[in-house]
Each structure stands twice: as structure tokens, then as C-alpha cells.
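Visitor: The sequence isn't on hand, but the structure is:
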């Protein structure tokens, strides 16, 4: 109950803060917000006043954002190195072939997902519906949808990488 009260009191404020810091990038904001709340749970402290607590929260939020940004850059660099290596190894004539292969791997991984996870991914990324609309459809909260999307993205990423490593 205490965590829910904390979450309700600070989620909108932190979301606005991160939206400003990210320049309006909603995806980066949501990922950083989620990681910020995880860090709060892991490193909770007692504070003497609200101003110091808010300052601590913003430090956690900025470091979460920086970590997510670094992770994304490392992943993109890995994909770039992998495609260059694969092109040299297999004499791939163009990037289109690589894109087709990754799309095919993603489609096969999607086919292996449970129906509800597949519906979730299709609604968000293919139908480009908002998290709020999806939450209404699934009769749950936006936070629950964001958490599920994060887990499904990781599952898809792991499945694609497992095939690529073979």
C-alpha cells in the first residue's frame, strides 16, 4: 500500500520530468521511468524533507535514462557489427537481405508467442495504438501494459539473438 501511494504521488511528476529531459521521446521516457521505480525499490532511503527526496528521484531518473541510452547504443552497435560481419561471411549483396532475415526471424519469434502477448505487440507496434487504448482493451492499467510490453520485447529479442548465435 505504501508503494502504491508513493507511485501514485510521483509517477506523473517523474513522467513530466523525464519527458522534458528526453525531449519528448515517450518510449525512452517510459523505459527510464520503469527503471527509476525499480531503482527506488532497490535503494530506498529515509529522507528528512520532500525536496531532498525529489532531488534523489531525479538523479535516479537521469541515471536510468543514461543507462537505457547506453544499452540501446551498445545494442545498435552490436547489430551493425553483426550485419557487417554477416555480410562479409556470407557475401550478402545488400542491407535489404539482412533486413529481410531479421524480419523473418522476428515473424517466427512472434508466431511462438502466446496469443495475448502477440495481440499486445500487434496492437502497439503494427496497429500503432496508444498504451492507454491497449490498457482499455485489455481492461488493465497503462503501467501493466508497459510492463508486459517490456517483457515481450525482451522475450522477442532473446529469441532472435538465440537464432542469430547459432
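Guide: It's in. Just so it is clear, the structure is predicted and the values come from calculations on it, not from any experiment.

Visitor: Walk me through the domains of this protein.
Guide: As assigned by automatic domain parsing, the chain contains the domains 1-79, 93-166.

Visitor: need the ones you listed in JSON lines with mean neighbour count and mean pLDDT, can you?
Guide: C-beta: built from backbone N, CA, C; applies to glycine. Formatted as JSON lines, the domains of the chain follow (neighbours: other Cβ atoms under 10 Å; pLDDT from 0 to 100):
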{"stretch": "domain 1-79", "mean neighbour count": "14", "mean pLDDT": "88"}
{"stretch": "domain 93-166", "mean neighbour count": "14", "mean pLDDT": "85"}
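
Visitor: tell me the contacts of residue 41?
Guide: Residue 41 makes contact with residue 3, according to Cβ atoms under 8 Å, 6 or more residues apart in numbering.

Visitor: What's the separation between it and residue 60?
Guide: According to Cβ to Cβ, to the nearest Å, residue 41 stands 11 Å off from residue 60.

Visitor: The nearest residue to residue 25 once chain neighbours are set aside in helix, strand or coil?
Guide: Of all residues not flanking residue 25 in the chain, residue 19 sits nearest, at 7.9 Å (Cβ to Cβ, 6 or more residues apart in numbering). When classified by DSSP: H, G, I helix; E, B strand; the rest coil, residue 19 comes out as helix.

Visitor: So residue 19 sits against residue 27, correct?
Guide: No: Residue 19 lies out of contact with residue 27 (Cβ atoms under 8 Å); the separation is 11.2 Å.

Visitor: those helices in this structure, which residues are they?
Guide: Ranges of helices in the chain, per DSSP state H, are 2-21, 26-42, 50-90, 95-111, 115-121, 131-138, 142-165.

Visitor: The third one to helix 2-21, inter-axis angle?
Guide: Relative orientation of helix 50-90 and helix 2-21, computed by axes from the mean of the first three to the mean of the last three Cα atoms, to 10 degrees: 70 degrees.

Visitor: just how off-centre is helix 50-90 within its chain?
Guide: Taking Cα atoms, centre = their mean, to the nearest Å, one finds the center of helix 50-90 at 11 Å from the center of the full chain.
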